[in-house]
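Engineer: My questions are about this predicted structure, shown below with the sequence.
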Amino acid sequence: MEVIVVKNYEEMSRKAASIIEEKVNADPECVLGLATGGTPLGTYEQLIEGHRSRGIDYSGVTTFNLDEYVGLPRDHSQSYHTFMQEQLFSHIPFLNTYIPNGEAEDLDKECREYEALLDKEGPANIQLLGIGSNGHIGFNEPGASFEAGTHVEELDQVTREANARFFPSLEAVPTEAVTMGIASILKSEEILLLASGANKQEAIRRLLKGEMEEMFPASALYNHKHVTLIVDEEAYGKDVDTSAE
Ligand code: GLP
């Protein structure tokens, strides 16, 4: 795992966006794996800016999102469909954008079909990831199998509490999600893991210990040969001098 420590959230976002833009310029028909949450927002802002001001062209690019809540209508303000539409897809035209359907009547079928689509059109050339404070990636919670493909995951209490800030109450936070599994994530050619802020410090410290354990999902990334962690000073948690960069 390559570790790049940057000064703050903005630098993390710029660095991530520049890696993605470089890939899109080199391969205009590439596949991007996308994430939700607060972490990638700045990256998406940078991509939109690059599209507008430098004409970076995404018209041949396909995207796959990691996850979606089960049971939230697609047009719900907190669905990941709405999030992606508002934060990226309404600003940049892509060739195809895929997000799991959390409203599917047969969720197991939905999971199988999403994985098959990923195999057919993917895998992602670059997969963007955030990390939960409990080490989750996508919605793969502590204890999730490292071998799993797309599946329905029951959300951890820690995750529901963390995401309650977006809902009227904790009870309103969905209890399940459809998520790409760890094995689906590891199919990507390259993985960009982003972390910013003091509330991610403990997760990053645990990740950098380098011990693989299913109770800490992000540690599965040690099974992948091309992972770059872009982490800001607060999340890294140690005094590092990034002034030379
Ligand atoms: C969410 C998402 C993850 C995200 C994580 C961290 O629940 N399912 O994909 O990486 O939690 O969120 P944030 O970036 O807001 O800290």
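Structural biologist: Yep, it's here. Numbers count the residues shown, from 1 in each chain.
Engineer: Next, the contact list for Ser79, please.
Structural biologist: Residues in contact with Ser79, defined by Cβ atoms under 8 Å, 6 or more residues apart in numbering, are 68-69, 72-73, 102. All C-beta atoms are positioned from the backbone trio N, CA, C, and that covers glycine.
Engineer: Against Glu105, how distant is the closest residue to Asp232 other than its chain neighbours?
Structural biologist: Here the nearest residue to Asp232 in space, its sequence neighbours aside, is Ser196; by Cβ to Cβ, 6 or more residues apart in numbering that works out to 4.5 Å. Between Ser196 and Glu105 the distance, using Cβ to Cβ, to the nearest Å, works out to 38 Å.
Engineer: Same check on Gln85?
Structural biologist: 23 Å.
Engineer: between the two, who's got more neighbours?
Structural biologist: Neighbours per residue, other Cβ atoms under 10 Å: of Gln85 and Glu105, the larger number sits with Gln85, 16 against 7.
Engineer: Check whether the lowest-mean-pLDDT helix or strand in the chain comes into contact with the ligand.
Structural biologist: When the helices and strands of the chain are compared on mean pLDDT, DSSP states H and E, helix 157-163 comes out lowest with a mean of 93. Yes. With Cβ under 6 Å from any ligand atom as the threshold, helix 157-163 lies in contact with the ligand, specifically through 159, 163.
Engineer: Near the ligand, which residues of the chain are found?
Structural biologist: Contact residues, the chain versus the ligand (Cβ under 6 Å from any ligand atom): 35-39, 66-67, 130-132, 138-139, 159, 163.
Engineer: got the residues you listed as JSON lines, with neighbour count and secondary structure columns?
Structural biologist: Output for the residues of the chain next to the ligand, formatted as JSON lines (neighbours: other Cβ atoms under 10 Å; DSSP: H, G, I helix; E, B strand; the rest coil):
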{"residue": "Ala35", "neighbour count": "23", "secondary structure": "coil"}
{"residue": "Thr36", "neighbour count": "27", "secondary structure": "coil"}
{"residue": "Gly37", "neighbour count": "18", "secondary structure": "coil"}
{"residue": "Gly38", "neighbour count": "12", "secondary structure": "coil"}
{"residue": "Thr39", "neighbour count": "24", "secondary structure": "coil"}
{"residue": "Leu66", "neighbour count": "29", "secondary structure": "coil"}
{"residue": "Asp67", "neighbour count": "23", "secondary structure": "strand"}
{"residue": "Gly130", "neighbour count": "21", "secondary structure": "coil"}
{"residue": "Ile131", "neighbour count": "26", "secondary structure": "coil"}
{"residue": "Gly132", "neighbour count": "23", "secondary structure": "coil"}
{"residue": "Gly138", "neighbour count": "28", "secondary structure": "coil"}
{"residue": "Phe139", "neighbour count": "29", "secondary structure": "coil"}
{"residue": "Thr159", "neighbour count": "20", "secondary structure": "helix"}
{"residue": "Asn163", "neighbour count": "17", "secondary structure": "helix"}
